[in-house]
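Student: Here is a sequence together with a model predicted from it:
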Amino acid sequence: MRFKGRGLITLQDYSSGEIEFILRTAMNFKERYYAGERIIPVLEGRSVCLIFQKPSTRTRVSFEVAVAQLGGHPISLNWFELQLGRGETIADTARVLSKYVDCIGARVYRHEDIVTLAEYSSVPVVNLLSDKFHPCQALADLMTILEWKGRIRGVNVAWVGDGNNVAHSLMVACSKMGANIRVATPRGYEPDREVLEICEEDCRRSGGSIMLTNNPIEAVRGADVVYTDVWVSMGQEEEAEKRMRDFRGFQVNRELLEYASENVMFMHCLPAHRGVEVTDDVIDGSWSAVWDQAENRLHTEKAVLSLIL
Ligand code: CP
Ligand code: NVA
C-alpha cells in the first residue's frame, strides 16, 4: 500500500484494502484525540491550501482543524478572491500553488475543474466536493457505519432522494466495501450510469450489491441505514421549484422509517433542510448518526492527510 503523494479525487482510485487502512488510521486518530492527544505533529512545517467555490461549514472547519491538529498550516481561500476569479487559469494556479503548499483541497462546481487542478499540480489534490463526488464525506460515512454497526460488509444501506454527488460517493464506497445499497430517486434524478456501472463491477468483486428504484419504500424495506441529502444541491438553486415538486414522496419521515430494520440508523451529510427531505423527529431521533458523521469528517481527514503527505 502506497499513499504518499496521492490525491483524493474520487474513492474509485482507492482499493477496499486502502480504504480499510484509512478507516483504521482514522479510528486511531479518534482514540488518541479522546485520550487527550490533541496534537500529533506529523505535518509540521507543511501547508495545505483549501479553495472554496461554494459555501461550506463542515468541510472547511474540519479540514482547517485537521491540518492544525497535525501540526501543519491551513490556508482557506475563496475561489473568487483568488486571481482565478479574474480569469487566471486553473492550470497556472495549480502550478503556482504547488510551489508554496504541500497539498491543495478544492470545492468546485464542475468535476472537470478538480481533475484539471490535479493534472497541473505537483502536490496531492483532495476533492472537497464537486458536482459529481464527495469522497471525504463518504469516508466519514463508512467510519460512522462501522462504529454504529460494527461492520460495513453485508450492511443494507438505503439512499432516498437525489442521485447526486453524495449519493455517487456513497455508492462507490458501499460497493467497494461489500455493503448492499439500494438507491431510490424520483424518475429523472437517478445517479450517473457511468458511476453505476463502476459500482456494479466493484460489487462483483466485493460481494456487495447495488440496485436502483423509483420507490422509496422498496429501498428502505429492511434497511440497516437510511441516508438522505438535500433535494437542491449547491448550484441547482434555479431548479428549486421543480425539484420540490418532483421529490414529493421522498421525504424521510417516521412513516417511511417504519419499513426499515428495527435497529435502523439515519444518516445525512448535512446541511439538512428540516421539514423538506427529513423531518425533525427523524434527524433528532436516537437513530440519527448525523453528528457522528460530522465529527468523523475530522478524523478521516486527518487520516487521509497524514497518509498522502
Ligand atoms: N457535509 C458537508 O460537506 O458539509 P459542508 O457543505 O458544510 O462542508
Ligand atoms: N449535495 C449537497 C451536499 C452538500 C454537502 C450539495 O452538493 O450541495
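Tutor: Perfect, I can see it now. Numbering: from 1, shown residues only. Ligands and ions are numbered 1, 2, ... in the order given.

Student: residues in contact with the closest residue to ligand 1 within the stretch 151-300 of the chain?
Tutor: Nearest to ligand 1 in the stretch 151-300 of the chain, going by CB to the nearest ligand atom, is residue 269, at a distance of 4.0 Å. In this view, the C-beta of every residue, glycine as well, is placed from N, C-alpha and C. Counting by CB atoms under 8 Å, 6 or more residues apart in numbering, residue 269 touches 134, 137, 141, 166, 229, 293.

Student: cool, and residue 7?
Tutor: Applying CB under 8 Å, 6+ apart, the residues near residue 7 are 118, 121, 124-127, 308.

Student: wait, which of the residues you listed is closest to ligand 1?
Tutor: residue 127 (11.1 Å).

Student: ok, back up a step: can you flag which of the contacts of residue 7 belong to helices?
Tutor: Mapping these onto helices (DSSP state H) picks out 118, 308.

Student: Number of residues surrounding residue 296?
Tutor: 25 (other CB atoms under 10 Å).

Student: Identify the residue nearest it in space, chain neighbours excluded?
Tutor: Of all residues not flanking residue 296 in the chain, residue 140 sits nearest, at 4.0 Å (CB to CB, 6 or more residues apart in numbering).

Student: Can you classify that neighbour as helix, strand or coil?
Tutor: The three-state label given to residue 140 by DSSP: H, G, I helix; E, B strand; the rest coil is helix.

Student: mind checking how far residue 122 is from residue 135?
Tutor: 21 Å (CB to CB, to the nearest Å).

Student: Neighbour count: those two, which is higher?
Tutor: residue 135 (26 against 10).

Student: Residue 111 touches residue 131, doesn't it?
Tutor: Yes. Counting by CB atoms under 8 Å, residue 111 touches residue 131, with 5.7 Å between them.

Student: ok, back up a step: near ligand 1 too, which of the contacts of residue 269?
Tutor: Cross-checking the contacts of residue 269 against ligand 1 (CB under 6 Å from any ligand atom) gives residue 137 as the overlapping residues.

Student: Do a quick rundown of the strands in the stretch 1-150 of the chain.
Tutor: 47-52, 73-78, 103-107, 125-127 (DSSP state E, counting those that start in this stretch).
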